[in-house]
Structures are given as C-alpha cells and as structure tokens.
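>>> structure here, sequence nowhere to be found:
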C-alpha cells in the first residue's frame, strides 16, 4: 500500500532556554494583526450567562487591555498544530511569535477571571465588571445567528466550567495539542488543568464550528434597546426649565416644527414610497411567459409561484418583517449584503408551503429576501438575505426554498428543463434525476449542513436550453456555480474531464461556506512527475469569487496518485492570483516518497520560466516544476520568474 503524505509547514524550533522578552511594540503588532481571533477566543471563554451584548463588549475590552505596560517575558507556545487537507485554517504567522503568545495568554487569563463569581468580602477584579470601553449607547450588539449545530455547541459549552471552555477553545480554535493546552492553562492561573481537559472531553470535537459567524464578535448585528424605558427615563430627566425652553423654541419654528429625528418623516407614515413597499397589492408579479420573449435571463423575469401568492396577510407579514424585523426574528445576511427594507415594491418570486413552513421569496433587484414562518404561527420566524445583483443565466437558475433534516429544496428558474443530484467526489457514479413540481425540486442531500465529515459532496445538476451545469449549496440562498479551466476561459464543470478535476477537491468547499460565494473554479495548472517513480501528481488551484467583489479565496492544492483528497499547499484571500486578472500561481509542499525520502516539490503555471527556493533549501530549476531533496520540517520560500520577465512569489 502506498504511503504518500504531504507534510504541512510547522514550527520545529527547539525550546529556548529562557523565555523571550516582549516589548509593547511587538505585543501591539501581534494584537492588531490577530485581533479578530483574539476577540473570538475571549468571546468563547467568557460565560454565556453575561448575555450576548455584554459578552461582545467584554471580549473586545479584554483584548484591547492585553498589552503589557513595559517589557515582559512570554513563553513561545505554538498557536496551532498541523491543519487538515480539507480547508482548515493554519497558524502560519503566529507559530513561535512571542508577541502573539503573550497577548493570547493575557486575554485568556482575564477571560477566566471574568467568569469567577463575585464575593462579598473581596473587591471584584476589573474584568468582572462591565467594561468601561468600548461602550455602545442605545443599541444591543450580537453576532450573526448560526445553524442548529452552532446553537447546540454553544449550549454544551455553556454548562462547562470556564477552564474547561478554555481547554476546548485552545484545542479547537488554536489547534493546540493537550501538552500545550496544559502549559497555557497553567500559565493563565488554572489550578487543575487535568480536570479541565477531562471536562472538555465531554463535548464532541466539533472544532470547525468555532470558526462560524455565530462565534464572531467582530461581525455583528445591532438592535435597539428597550425604547419605551429609554423614553420614560429621558422624560423623567428633563427639568421644567428645559422643557419650557424647548417648547418655546418649537413654537417659534415655521410650520409644524420638527421632532427628535430631524427632517426625516415618521416611520412609514405619510411617506408614499415606504407605504407602497409594505403594500402586498403593489408587489410586482411577472407574467409566467415573460421569460420566453425577454432578452434577459435573470431573476427579474421569474414568475410568481406557490400556493399562497394570494395570501395578503402572509405577504404583509413578510414585507413588514423585511422593513423592521423584531427581536425574535432570526436574521442572516451573506457578507456584503445590506439588510434594510426595500426602496419600493419588490418582486414576488414565491409564496407557499414548504415542508413545515410558509415561505415567501422576494427580489428587489439587488437582493433576494427569504421570509419563513412555522405553519402553526409566527414564533421562530426567520429572514435571510443574499446579494444577487447582476445575476443572469446560470447564476439565476435556482434559489434555496428550505432546508430540513439535512436536505435542501430549490426553486428553479422557469427555463430549467431537468435537475439531478450528483456526488462531486464520485465522478463515475452518475447523476440521480430529481422531480420538479411547479419549479420546486424534490429534496436532495445538502453539504451545507455537514458537521465536518466529508464522505460525499452532493451537488445540483441543472439542465436548460444552453447546456448542463453544477451548482452547490454553501449555506446561502443562492447556490454557487462550479466551473473548471484556466482563469478567463472557464466553463461549467459538467463534462467527464471537469468532474474528474473536481473530485479530489470537493471537500475544500467547506472553507468557503457562508462567505457570499458566487462561483468556484478549479484550475489544474500543472502536472508533476514524482521522484522515486511514484507516479504523477496534479496541482490544482481553486478560487472562490464572491457577489460583493471582495473576499475572494484561492487555494493551491496538491493531489498524489491514488489519494482520495487533495491537500492544501497554500491559500490566500483578496489576491488576484489564480483569477482572470492574474492567471498565475506558485505553490510548494514537502512530500514523503514511498521509500521514505523527503522532497520539496513546487509548481507554477505553464508560463513559469524558472522557480527558486530560499531558506532551508536553496535551489533553482528551469521551467514550471521543481523537485529537490529536503529534510522533514524544512521551511523554504518560493519565487518564480514568468516568461515575460515578471517575478511572482508563492501563494499566501
């Protein structure tokens, strides 16, 4: 049996005899660079009993107070162990950084102190009190709502002790092994670290969920506080003289004067545009045959479908919740999507019963909004937004109607003639036909609800007059389109060769769930003969494009013969590499042959003239491939020269 594996980069420096000294500048640089991760760590360790608003503010406060007052010592503890090949984040840039180790320890120590109960005969610690800074007046802040898995994990963590929560978070978020977790907890002041680790073992190891927006205190929703109580307090605080002065000033103004909101009209009152946006009778309903003669093939020519398109009460509730969702409504948006009400009457795409819910789909030209409520009432209503501006043809082929029991139903475009379900990891298994009833597909397995395991990745195969294409559910309203080919000349991943290209890398789509992804392209940019006659490996770059035009993610992946999955060799975000604007890429891995020898392998796109390595291995190879002997744990930098003379560095 072959034993080929990819050694990902990891810190191999021996322990220093003395702890390094950290100055304020070094700690500040680490805090600024890793601020979102440090705040997430504090938020997860803080007790949920604080409430989400205070928990968010306290997490930011503890992180901002983590800087040392002068020079301090810090033990260098690795920030994360080796990642997985399916898209987990790595800690490159934090491993061995004493500045990061110091601020992480400070954040963890104060978060553990904040969880201690207050005592009558002892002064409370600063971290146990409501934070002085930052402060937000008149608003409650809380992270985006996650799914059922994130809610269940949050409930399980809430019953743990603070040290046990910290142990779980260090294992999952920081990817530390138990010996490192023991060292960090001891340094943070935990007396019984073994008990904390044992208690953390009771919670299933769903570590991928810790990166969910549910636990991100930097990506927030805002809602008003108790408006009636705030108004009563304001009235009680007004002195009689101030009230008379304000009344006199208002009497001297022309017309009716103005209120506390300035010249803005009262909420939806005496405002024709706002009233029209909430009137079900003003909804745009497209003719069922409009798409046949239209030059456009987008959501704007979808007809209104469903068995409840005439239910004015349901439509009124959907429009009202869109304009001003209450505190009990679960609101979710894809990154870069505004959640405010429509500027005018939106277009009705669907209103009907879907499984155990009543669902309304609306489109305002920029976004699709999905309102869902239980059939037996309105408690637990949800409102989801997805950005869809510029969607035409394949990108406007389907919208998610609902997800139940790990399955998903789609509403398809009127021009779709056939739909099927296909496992992206099994290109030769064939597709299973699905039924379409009034545009609604029968349920198919959704990869968006997976807990991290990846034995299969089911996608939607859509056929219309222009051809066949694949779409995948990434946890949003609009499925992402899958393509293959060189950037700038991509095509739908429907043919046999495209399916074989995607098969080893389907599980890497985990890394872009919930990121507002519009399409994902897989480009096999090189093939490399392996040393020791071990066959030929494939280098593939997968790039996810977003609806908002930012946050693109590129993964350079390496697949050896006979391997089930590809391995992530390098990744980057917000870079043009591997895209239409810069169709070039360079990446490398450490690889162990069947004979037990280690090699540094690197590959660039076909217009690469030469590749050079620096650091642990210094070598130059002509062409777009490099293979040199190396030692386990070797770290090296990559640079390449293109045929046009331009230099590029490894993807990062």
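Received the coordinates, thanks. Worth saying up front: this structure is predicted, and the values here are computed from it rather than measured.
>>> which residue is the nearest non-sequential neighbour of residue 308?
residue 351 (4.3 Å; Cβ to Cβ, 6 or more residues apart in numbering). For the C-beta atoms, the positions are set from N, CA and C on the backbone; glycine is no exception.
>>> meant to ask about residue 34, not that
Leaving out its chain neighbours, the residue that sits closest to residue 34 by Cβ to Cβ, 6+ apart is residue 100, at 5.8 Å.
>>> give me the neighbour count for that neighbour.
Neighbours of residue 100 under the rule other Cβ atoms under 10 Å: 27.
>>> right, and residue 384 touches residue 361 too?
No - in this structure residue 384 lies outside contact range of residue 361 using Cβ atoms under 8 Å: 9.8 Å.
>>> more neighbours: which of the two?
Ranked by neighbour count (other Cβ under 10 Å), residue 384 and residue 361 place residue 361 first, with 28 against 21.
>>> please name the bridge partners of the more buried one.
Beta bridges link residue 361 to residue 350, residue 370 when assigned by DSSP bridges.
>>> state the distance from it to residue 398.
Taking Cβ to Cβ, to the nearest Å as the measure, residue 361 falls 11 Å from residue 398.
>>> same question for residue 195.
From residue 195 across to residue 398, the span is 50 Å (Cβ to Cβ).
>>> so how many other residues sit close to the closest residue to residue 216 other than its chain neighbours?
Once flanking residues are discounted, residue 216 sits nearest to residue 143: 5.4 Å by Cβ to Cβ, 6+ apart. Residue 143 has 21 neighbouring residues, counting by other Cβ under 10 Å.
>>> residue 581 too?
10.
>>> would you mind measuring from it to residue 104?
Taking Cβ to Cβ, one finds residue 581 at 36 Å from residue 104.
>>> go on, residue 301?
53 Å.
>>> who has more neighbours out of these two?
A direct count of neighbours by other Cβ under 10 Å for residue 301 and residue 104 places residue 104 higher, at 28 against 21.
>>> surely the more buried one and residue 38 touch.
Yes - applying Cβ under 8 Å as the test, residue 104 and residue 38 come out as touching, 6.4 Å apart.
>>> strands of the stretch 251-400 of the chain, residue ranges please.
Under the criterion DSSP state E, counting those that start in this stretch, strands of the stretch 251-400 of the chain are mapped to 330-333, 347-354, 357-363, 367-374, 382-387, 398-404.
>>> same check, this time on the stretch 551-652 of the chain
Secondary structure of the stretch 551-652 of the chain by DSSP E, counting those that start in this stretch: the strands cover 553-559, 567-573, 586-592, 598-604, 608-615, 619-622, 625-629, 636-642, 647-649.
>>> may I see the ones you listed organised as JSON lines, with distance to residue 156 added?
Output for the strands of the stretch 551-652 of the chain, formatted as JSON lines (distance: least, Cβ to Cβ, whole Å):
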{"stretch": "strand 553-559", "distance to residue 156": "30"}
{"stretch": "strand 567-573", "distance to residue 156": "29"}
{"stretch": "strand 586-592", "distance to residue 156": "36"}
{"stretch": "strand 598-604", "distance to residue 156": "41"}
{"stretch": "strand 608-615", "distance to residue 156": "43"}
{"stretch": "strand 619-622", "distance to residue 156": "50"}
{"stretch": "strand 625-629", "distance to residue 156": "47"}
{"stretch": "strand 636-642", "distance to residue 156": "42"}
{"stretch": "strand 647-649", "distance to residue 156": "43"}
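>>> just send those strands back as a markdown table, with mean pLDDT, distance to residue 211 and mean neighbour count too.
Shown next, in a markdown table, are the strands of the stretch 551-652 of the chain (pLDDT from 0 to 100; distance: least, Cβ to Cβ, whole Å; neighbours: other Cβ atoms under 10 Å):
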| stretch | mean pLDDT | distance to residue 211 | mean neighbour count |
| --- | --- | --- | --- |
| strand 553-559 | 96 | 13 | 25 |
| strand 567-573 | 94 | 14 | 22 |
| strand 586-592 | 94 | 23 | 24 |
| strand 598-604 | 95 | 29 | 24 |
| strand 608-615 | 94 | 29 | 18 |
| strand 619-622 | 94 | 36 | 14 |
| strand 625-629 | 95 | 33 | 18 |
| strand 636-642 | 94 | 27 | 19 |
| strand 647-649 | 94 | 27 | 13 |
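>>> residue contacts, residue 505?
Going by Cβ atoms under 8 Å, 6 or more residues apart in numbering, residue 505 touches 522, 540, 542, 557, 559, 565-566.
>>> let's see 6 Å
The neighbours of residue 505, taking Cβ atoms under 6 Å, 6 or more residues apart in numbering as the test, are 522, 540, 542, 557, 566.
>>> which one of these is nearest to residue 461?
If you rank the contacts of residue 505 by distance to residue 461 using Cβ to Cβ, residue 522 comes first, at 16.2 Å.
>>> quick one: mean pLDDT over whichever helix or strand the closest one is part of.
Assigned by DSSP states H and E, residue 522 belongs to strand 517-529. For strand 517-529, mean pLDDT rounds to 96.
>>> quick one: contacts of it?
Identification of contacts with strand 517-529 by Cβ under 6 Å, 6+ apart yields 474, 480-484, 486, 490, 501-502, 505, 536-547, 585, 603, 605, 624-625.
>>> which residue ranges form the helices in this structure?
Assigned by DSSP state H, the helices in the chain fall at 24-33, 35-45, 52-64, 98-114, 148-158, 162-172, 178-187, 193-200, 227-237, 240-251, 272-277, 290-293, 312-323, 496-502.
>>> who wins for proximity to residue 403 among those helices?
Across the helices of the chain, residue 403 has its closest neighbour in helix 148-158 (9.8 Å, Cβ to Cβ).
>>> the closest one: which residues count as buried?
Using 16 or more other Cβ atoms under 10 Å as the burial criterion, the residues of helix 148-158 that qualify are 149-150, 153-154, 157.
>>> okay, the angle between that helix and helix 35-45?
Interaxial angle of helix 148-158 relative to helix 35-45 (axes from the mean of the first three to the mean of the last three Cα atoms, to 10 degrees): 60 degrees.
>>> run the angle between helix 148-158 and helix 162-172 for me.
Inter-element angle recorded for helix 148-158 and helix 162-172: 140 degrees (by the same axes, to 10 degrees).
>>> which other residues reach helix 148-158?
48, 165, 203, 206, 209, 212, 214, 451.
>>> next, the angle strand 398-404 makes with that helix.
Here helix 148-158 runs at an angle of 40 degrees relative to strand 398-404 (the same axes, to 10 degrees).
>>> between helix 148-158 and helix 193-200, how big is the angle?
Interaxial angle, helix 148-158 versus helix 193-200 (the same axes, to 10 degrees): 150 degrees.
>>> next one: helix 148-158 to chain centre, how far?
The chain centroid and the centroid of helix 148-158 are separated by 18 Å under Cα atoms, centre = their mean, to the nearest Å.
>>> one step back: residue contacts, the residue nearest to residue 308?
306, 308-309, 360.
>>> and if we set it to 7 Å?
Applying Cβ atoms under 7 Å, 6 or more residues apart in numbering, one finds that residue 351 lies in contact with 306, 308-309, 311, 314-315, 360.
>>> closest one of those to residue 445?
Within the set of the contacts of residue 351, residue 306 lies nearest residue 445; the separation is 23.9 Å, counting by Cβ to Cβ.
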